[in-house]
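Student: Just a sequence and a predicted model for now, questions to come.
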Amino acid sequence: MDKKEYDEIEEQANRLQSEAGRRCNQQIKEVNKYHEGYIQGVEDLLITIRRGGVK
């Protein structure tokens, strides 16, 4: 393998790593939003119960 081939492989590997990192960060953001929404929904339910709104 010559230097040019190695450089091309290394460039592709760097792109793959970068894309994997980007996708990972995006999925983490989505999961965090879901978690925050779920927690807020539970808190809202508890507030409503405390006020006597659910019978």
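Tutor: Looks like it came in fine.
Student: would you list every one of the helices in this structure?
Tutor: Taking DSSP state H to define them, one finds helices in the chain at 3-50.
Student: where does it have low pLDDT?
Tutor: 53-55 (pLDDT under 70).
Student: centroid residue for it?
Tutor: For the chain, the residue sitting closest to the mean C-alpha position, by CA atoms, centre = their mean, is I28 at 1.6 Å.
Student: how close does that residue get to G41?
Tutor: 20 Å (CB to CB, to the nearest Å). The C-beta positions use only the backbone N, C-alpha and C, and glycine is treated the same way.
Student: Next: S18.
Tutor: For S18, the distance to G41 - CB to CB - is 35 Å.
Student: Kindly report the same for C24.
Tutor: 26 Å.
Student: Next: K29.
Tutor: 19 Å.
Student: Ok, A20 next?
Tutor: Taking CB to CB, one finds A20 at 32 Å from G41.
Student: One more: Q12?
Tutor: Distance from Q12 to G41, by CB to CB: 44 Å.
Student: Check A13 too.
Tutor: From A13 to G41 the distance is 42 Å (CB to CB).
Student: again, but for Q17
Tutor: 37 Å.
Student: can you check N25 too?
Tutor: Taken as CB to CB, the span from N25 to G41 is 25 Å.
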